[in-house]
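# My questions are about this predicted structure, shown below with the sequence.
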Amino acid sequence: MNQQVLNTVQEQKPEQASAIGRYRWTICALLFFATTINYLDRQVLSLLAPLLTQEFGWTNTDYANITATFQFVYAISMLFAGRVIDRMGTKRAFVLAIVVWSLGAIAHAYAVAIGDAVNSVLTTVGLAVVPVSIAGFMIGRAILAIGESGNFPAAIKATAEYFPKRERAFATGIFNSGANVGAILAPLTVPLIAAAWGWQFAFIAVGAVGFLWMGIWIWLYDTPERQRRMSPAELAYINSDTAVASSAAPTTAAPKASWFKLLGYRQTWAFAFGKFMTDGVWWFFLFWLPKYMSAQYGLSGPDMVIPLAVLYSMTMVGSIGGGWLPTWFIDRGHNIYQGRMRAMFAIAVLPLVVLLAQPLGYLGYWAPVILIGIGASAHQAWSANLFTTVSDMFPKHSVGSVVGIGGMAGGLGGVLLTKLGGWLFDYYGAFGQIHTGYMIMFSICAVAYLIAWCVMKALVPAHREITDL
């Protein structure tokens, strides 16, 4: 590709975009469906939690320990997932990730047998054991977490490979909205499957979907330089903001930066702190809302279908709208970083409405559903932009590693929030005041984004792209 063609691509107007080609959006669609499956598998447990709690006699702390196992293993795995993806390449790493997490999802159906086997082994060596059901579900969640830790680092890396910087937040918002679709589909399908064929089959059926996606991914994905389905003009457009004038041959592999070197950059710490403060909020909404609606309003699984579907439908607006919002600022003269941070500040204000969820709860469950829906929608808008700050400032070959570091921080933040929630709900529940525990948790969720934004802005007050990796 010569410089003349590159310049022509860079000057394309939006209405001429079809002349460039749209294969990159096919890749975005694949990432969207992978994220949908990711969240379907992740949410089955929370939707069945009231049923499983009754069947196995779990306390809120027991449930918190099970979900915290996922978050802790996810946190540690995220650190290594980004590294593995940078070394293996996006295509092979994504196949490995979805195979592991699909098997982990299916393993939940055999949690009792797994827990019994593990406890038998531990008993023979004189170690203390936990109840069979808790042990089995912890193992299933751990396997699920190992596999699912690969989704976002791989998806962000694929987005950095297939999209110019101008489009990355929007593309990230689209594939990230798969989390919302998964969260919508789960309450529409899981309770019905469980009611018809039992809770075990719900885990098996949802877990098996990942293998279908894997076949399509192997068929359609390759690196942009090797992608035969994509036009030279589209490849030049993808590489336009890095001034790549020639793309006739695959690029030489770049050296891999060490974790310690990446931790030497404020940009890494800004991203990691943003994840630490806010990832747990989304997981709290995802893992605890069915139990909240059961405890506060006495809703059973089928009763939650419509309110949860409405709530998670709202988050799609946030995910896609949040990806578009920085472009609005950029089009008005702000640079990429200024536009993104202005958008993120506006987004960080929205979760404050969650403070009203408990005070207005006397109006019925629809008031907190709508208010929490706004907060959850804001999270997805925030997440689309937070992920994109990495590809804005770091070279493509280190994106997976930085996302992995941030993912670990987010997972650890999620563990702390989940454990705190379980303790608060059991503590105040013993006095018949569980609503106080939810009020405290909703307050933390409401202010987390503004705190994260202030620290991120203090660490990285202006855009500075990393060029020495």
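On my side now, so go ahead. Numbering: from 1, shown residues only.
# thought residue 200 was touching residue 109?
Yes: with contact defined as C-beta atoms under 8 Å, residue 200 counts as touching residue 109 (3.9 Å). Any C-beta I mention is one placed from the backbone N, CA and C, and that applies to glycine too.
# Local confidence estimate at residue 151?
If you check residue 151, the pLDDT there is 91.
# Could you list which residues are in contact with it?
Counting by C-beta atoms under 8 Å, 6 or more residues apart in numbering, residue 151 makes contact with 34-35, 38, 94, 97-98, 101.
# Please produce TSV containing the residues you listed, extended by secondary structure, pLDDT and distance to residue 153.
Shown next, in TSV, are the contacts of residue 151 (DSSP: H, G, I helix; E, B strand; the rest coil; pLDDT from 0 to 100; distance: C-beta to C-beta, whole Å):
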residue	secondary structure	pLDDT	distance to residue 153
34	helix	94	12
35	helix	93	12
38	helix	92	12
94	helix	93	10
97	helix	94	9
98	helix	94	13
101	helix	94	13
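# Which residue of residue 200 and residue 109 possesses the greater neighbour count?
Neighbour comparison, residue 200 and residue 109: the larger count goes to residue 109, with 21 against 16 (by other C-beta atoms under 10 Å).
# after the helix or strand containing residue 153, next one along is what?
For residue 153, the host element (DSSP states H and E) is helix 151-162. Sequence order places helix 165-197 as the next helix or strand after helix 151-162, per DSSP H and E.
# quick one: buried residues of that next one?
Neighbour counts over helix 165-197 (16 or more other C-beta atoms under 10 Å) mark 165, 167-187, 189-191, 193-194 as buried.
# Residue 332 in helix, strand or coil?
What DSSP: H, G, I helix; E, B strand; the rest coil gives for residue 332 is coil.
# check contacts around it.
Residue 332 makes contact with no residue, according to C-beta under 8 Å, 6+ apart.
# For the residue lying closest to residue 185 once chain neighbours are set aside, which residues are in contact?
Nearest non-adjacent residue to residue 185, counting by C-beta to C-beta, 6 or more residues apart in numbering: residue 40, 6.0 Å away. Neighbouring residues of residue 40 by C-beta under 8 Å, 6+ apart: 182, 185-186, 206, 209.
# Show me the two of the residues you listed that sit farthest apart.
186 and 209 (11.6 Å; C-beta to C-beta).
# thought residue 67 was touching residue 45?
Yes: under the criterion of C-beta under 8 Å, residue 67 makes contact with residue 45 at 7.4 Å.
# Now list whatever residues contact both of the two.
Common contact partners of residue 67 and residue 45 (C-beta under 8 Å, 6+ apart): 141, 287.
# Tell me which helix or strand the closest residue to residue 22 other than its chain neighbours sits in.
Leaving aside its chain neighbours, residue 22 sits nearest to residue 234 (7.6 Å; criterion: C-beta to C-beta, 6+ apart). Secondary structure assigned from DSSP H and E places residue 234 in helix 232-238.
# Tell me which other helices or strands that helix touches.
If contacts are counted by 3 or more C-beta pairs under 8 Å, 6 or more residues apart in numbering; DSSP states H and E, helix 232-238 sits against helix 3-10, helix 17-20, helix 23-56.
# In CSV: the ones you listed, plus distance to residue 113.
Formatted as CSV, the helices and strands packed on helix 232-238 follow (distance: least, C-beta to C-beta, whole Å):
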stretch, distance to residue 113
helix 3-10, 57
helix 17-20, 54
helix 23-56, 14
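# Please identify which of those is closest to residue 381.
With C-beta to C-beta as the measure, helix 23-56 is the member of the helices and strands packed on helix 232-238 nearest residue 381 (15.4 Å).
# ok now that closest one, how far from the chain's centre?
Put simply, helix 23-56 sits 10 Å off its chain's centre (C-alpha atoms, centre = their mean, to the nearest Å).
# so who does the residue nearest to residue 22 touch?
Contact partners of residue 234, counting by C-beta under 8 Å, 6+ apart, are 20-24.
# from the middle of its chain, how far away would stretch 183-194 be?
Worked out by C-alpha atoms, centre = their mean, stretch 183-194 lies 19 Å from the chain centre.
# Using CSV, write down the CA coordinates of it.
Taking Å, rounded to 0.1, in the frame of the first residue of the first chain, the C-alpha atoms of stretch 183-194 are listed here in CSV:
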residue,chain,number,x,y,z
ALA,A,183,-27.5,-10.3,31.2
ILE,A,184,-30.8,-9.8,29.4
LEU,A,185,-31.0,-13.3,27.9
ALA,A,186,-30.0,-15.1,31.1
PRO,A,187,-33.2,-14.1,33.1
LEU,A,188,-35.3,-14.8,30.1
THR,A,189,-34.0,-18.3,29.6
VAL,A,190,-32.3,-19.7,32.7
PRO,A,191,-35.3,-19.8,35.1
LEU,A,192,-37.4,-21.4,32.4
ILE,A,193,-34.8,-24.1,31.6
ALA,A,194,-34.4,-24.8,35.3
